[in-house]
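# Predicted model and sequence below, questions to follow.
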Amino acid sequence: MRFYDFRQKEVINIKDGCRLGYVSDIEMCNEKGHCKRLIIPGPARIFGFFGREQEYRVDWEHVKQVGDDLILIECDTKTLLSDLED
């Protein structure tokens, strides 16, 4: 599967039904060449006018299924949010 294919899929947490958004980046393992983590933009600040401060980082072991248009994950949504690195 190509990175472009991941960007077209919406990520949904089956544990709480939360729609996280679309994949913006993928973190790869340099040694083995496999996907390590999916990166999804976090919630927008103040109606989306001032950008984003956080992003969702979903470890590959939380991915339960990759479908034609969805990626299903299972974990606690609050633990996925992390601050953007400068």
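Structure received. Note that the structure is a prediction, hence the values are computed from the model and not measured.
# Residue 10: neighbouring residues, count only.
15 (other C-beta atoms under 10 Å). Placement of C-beta: from N, CA and C, glycine included.
# again with the one 3 residues further on
Here the number of neighbours of residue 13 (other C-beta under 10 Å) works out to 20.
# That one and residue 77 touch, don't they?
Yes - contact criterion C-beta atoms under 8 Å: residue 13 and residue 77 qualify, at 5.3 Å.
# Check the contact lists of the two and give me the overlap.
residue 20 (C-beta atoms under 8 Å, 6 or more residues apart in numbering).
# tell me the mean pLDDT for stretch 41-59?
Stretch 41-59 shows a mean pLDDT of 75.
# ok, now stretch 63-79?
91.
# Next: stretch 3-23.
Here the average pLDDT along stretch 3-23 is 88.
# Where does the residue nearest the centre of the chain fall, secondary structure wise?
A centroid search over the chain (C-alpha atoms, centre = their mean) returns residue 40, at 3.6 Å, as the residue closest to the centre. Element membership of residue 40, judged by DSSP states H and E, is strand 35-41.
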